[in-house]
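Participant: Fold the following and give me the result.
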Amino acid sequence: MRNSIGNILTLTLFGESHGNKIGAVLDGFPAGIQIDEDFLKECLTKRRPSLKGETARVEEDHYEILSGVFHGYSTGAPIAITIENSNTRSKDYDKMKDLARPSHADYVAQMRYKGYQDYRGGGHFSGRITAPIVALGSLAISALKKKGILIGTHILKLKDIEDVPYSNDKIDKEIECVNSKLFPVISDVEEQMKEVMREAADLGDSVGGILQVGVSHLPVGVGEPWFSSLEGELSKAMFSIGGVKGIEFGLGFGFASLPGSKANDAYEEKAKTRTNNNGGINGGLSNGMPILFNLAVRPTPSISLPQNSVNMKTMENTKLVIEGRHDPAIIRRMSIVITCMTALTLMDLLLVKEGEGYFQD
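Facilitator: Predicted coordinates for the structure are as follows:
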């Protein structure tokens with residue numbers, strides 16, 4: 001089981017959804033960077049359930065930084081953090097432990113780990129494990145912001161309700177806008193989207209959507225050609241988050257219907273481009289324009305409607321009604337996870353390109 005990602009800045013996850021604690025180790029974080037614990041807590045709050053209809057499993061996310069921080073600054077040693085699991089209801093999963101929940105990891109985990117995996121709440125596959133990603137990712141967001149690099153994720157679409165996309169000329173203000181909200185949208189669609197979530201919850205169903213990530217002021221030349229391209233590294237990081245089922249950069253699949261004369265980003269003064277169809281990336285490297293990419297987020301697979309399943313012991317068909325506490329849409333809570341994962345990836349690539357000194361000036 002591999003649980004680490006990164007080149008110089010590496011993140012390793014541990015823990016299970018219903019274990020005593022979950023946590024992560026961030027290795028390669030440069031020394032001398034101030035650790036903003038207020039911001040860390042703010043990010044954890046954004047990930048926490050808070051809206052009507054969202055899961056009733058509300059964890060306080062009491063955390064402990066075990067190493068790598070001294071007198072409020074990073075020491076250069078690995079930063080290890082643990083977060084308590086204090087609101088578990090494992091009995092909800094006892095009667096379902098042999099039943100494969102549709103679109104969950106139950107069956108594949110059973111086959112891979114021979115039944116030794118922790119099945120409670122999805123175990124190590126659970127979205128609960130994103131909490132330490134957010135805690136340590138907040139450190140990367142702060143470090144990047146001090147270099148003028150801004151990152152924000154908003155809900156571009158929830159079912160059939162759409163927000164406006166990021167613009168190239170106002171993206172700094174738009175990122176600031178979405179980062180200031182618990183419900184990250186740019187335009188006035190919050191209540192419409194909340195109503196869609198409430199309707200899904202009332203029906204015992206769930207909905208998906210599209211997240212859009214924007215990054216501004218990333219220096220030119222971050223990434224590598226071919227096998228460690230900026231798109232490739234970001235894609236690997238994004239697909240590590242459960243629920244992400246598709247990614248496109250810039251126009252993405254929209255390129256299929258355009259001729260090159262309209263698809264190309266023409267240069268103008270100071271090597272900026274009139275359009276940003278390529279999402280800020282050429283040849284696997286950042287080109288100085290905002291980095292823009294969209295993520296397809298599937299509906300939450302845990303729903304309370306009856307579903308067809310299979311008993312993994314007998315391999316006989318059965319019916320399943322999932323009990324427990326679940327979200328009608330994970331997309332709002334996922335947005336801060338995506339922002340943090342993006343920050344960790346970009347900080348890692350900047351360390352590859354520039355070295356530790358870039359963040360220690």
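Participant: what about this structure, any weak spots by pLDDT?
Facilitator: Low-confidence segments of the chain, defined by pLDDT under 70: 53, 56, 90, 92, 324-325.
Participant: Which helix runs longest in it?
Facilitator: When the chain is parsed with DSSP state H, its longest helix is helix 331-354.
Participant: what ranges do the strands span in the stretch 201-350 of the chain?
Facilitator: Chain-ordered strands for the stretch 201-350 of the chain, with DSSP state E, counting those that start in this stretch as the definition, fall at 209-216, 244-249, 281-282, 285-286, 291-297, 307-310, 317-320.
Participant: now those strands as JSON lines including mean neighbour count and distance to residue 237?
Facilitator: C-beta: built from backbone N, CA, C; applies to glycine. Listed next are the strands of the stretch 201-350 of the chain as JSON lines, based on neighbours: other CB atoms under 10 Å; distance: least, CB to CB, whole Å:
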{"stretch": "strand 209-216", "mean neighbour count": "24", "distance to residue 237": "11"}
{"stretch": "strand 244-249", "mean neighbour count": "16", "distance to residue 237": "10"}
{"stretch": "strand 281-282", "mean neighbour count": "20", "distance to residue 237": "15"}
{"stretch": "strand 285-286", "mean neighbour count": "22", "distance to residue 237": "15"}
{"stretch": "strand 291-297", "mean neighbour count": "24", "distance to residue 237": "11"}
{"stretch": "strand 307-310", "mean neighbour count": "16", "distance to residue 237": "31"}
{"stretch": "strand 317-320", "mean neighbour count": "12", "distance to residue 237": "32"}
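Participant: Of those, which is nearest residue 266?
Facilitator: Of all those, strand 281-282 sits nearest to residue 266, with 12.9 Å by CB to CB.
Participant: picking up where we left off before, helix or strand right after the longest helix of the chain?
Facilitator: Per DSSP states H and E, the first helix or strand lying C-terminal to helix 331-354 is helix 357-360.
Participant: Okay, residue 186 and residue 134: tell me how far apart.
Facilitator: Separation of residue 186 from residue 134 (CB to CB, to the nearest Å) stands at 22 Å.
Participant: swap that for residue 318, please
Facilitator: Taken as CB to CB, the span from residue 318 to residue 134 is 36 Å.
Participant: Please enumerate the strands of the stretch 51-200 of the chain.
Facilitator: Counting by DSSP E, counting those that start in this stretch, the strands of the stretch 51-200 of the chain are 63-67, 69-70, 73-74, 79-84, 150-158, 161-162.
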